[in-house]
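**Student:** model the structure of this input:
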Amino acid sequence: MRTWLAVATLAGISASAFGQTFEASLNFGRCLFGGSKTQGTVSPDPNSAKYTYQDGFHMALRMTINTKRFMGYEFGYAYNRTSIEIPASAPVTGGGQPAVTAAAQSVGVPIHHGFADVLLYATPEGTRVRPFAAGGGHFSAFFPPGASVSYGNQTTKFGFNYGGGLKVRTSENWGFRVDARFYEGPKPFQFYNTSGRLRQLEVSAGISFFM
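**Tutor:** Model prediction:
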């Protein structure tokens, strides 16, 4: 947390020094999977049962420097608490016993994003209401089902994101925003018959602090 405060302070000082505005935001919402929600099959047979992603909780910390009347740069961190549905046909072995069939279950899969985007505004700096479009790149760190973040066994993938939103300034230093952002990139994990790309949709709202 102290690292984030230090970055925010430095960014705010830099923005003020060059006549720019700085904004820090905290958003909460949902992570929704679109397109192909499956993540491979439980066996080499392409017709066998598939692992499936389930929607979950989303949180994002954003920092924005608006450098021009209609443009800004944003970077930040997002956390998605999602899960994978493991089908009942998944084989389980252990203790030298023959394979048995486990019951279907949903296992948590945390996803951590780091991103950097360019923002293009429909209204100039200083306007109370500012619709915007956004686009840029990101990395996503996926943790295998049931794994601990502390083990360092994440799978990292790089992709691109795009979307838009609306910012409303309610006072000199405070406001709120809503965002809709697609994150697209390769699918993680080496399951059988994995194909296609993973597409996540962020739908969120939050508060903003301006300097």
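
**Student:** show me where the chain has its strands.
**Tutor:** In the chain, the strands defined using DSSP state E lie at 21-34, 38-41, 50-68, 71-86, 91-94, 97-101, 105-121, 129-142, 155-169, 174-186, 197-210.

**Student:** OK, contacts around residue 106?
**Tutor:** 54, 83, 84, 85, 86 (CB atoms under 8 Å, 6 or more residues apart in numbering). For the C-beta atoms, the positions are set from N, CA and C on the backbone; glycine is no exception.

**Student:** try residue 85
**Tutor:** With CB under 8 Å, 6+ apart, residue 85 has these contacts: 51, 52, 53, 54, 104, 105, 106.

**Student:** show the low-confidence segments of the protein, by residue range.
**Tutor:** Counting by pLDDT under 70, the chain contains low-confidence residues at 1-20, 89-102, 145-152.

**Student:** still on that earlier bit, could you pick out the buried ones from the contacts of residue 85?
**Tutor:** Buried members of the contacts of residue 85, scored by 16 or more other CB atoms under 10 Å, are 51, 52, 53.

**Student:** about what we covered before: of the strands of the chain, flag the one that's most buried.
**Tutor:** strand 38-41 (a mean of 20; mean count of other CB atoms under 10 Å).

**Student:** would you mind pulling up the elements that it packs against?
**Tutor:** Here strand 38-41 touches strand 50-68, going by 3 or more CB pairs under 8 Å, 6 or more residues apart in numbering; DSSP states H and E.

**Student:** quick one: the strand it packs on to strand 129-142, angle?
**Tutor:** 140 degrees (axes from the mean of the first three to the mean of the last three CA atoms, to 10 degrees).
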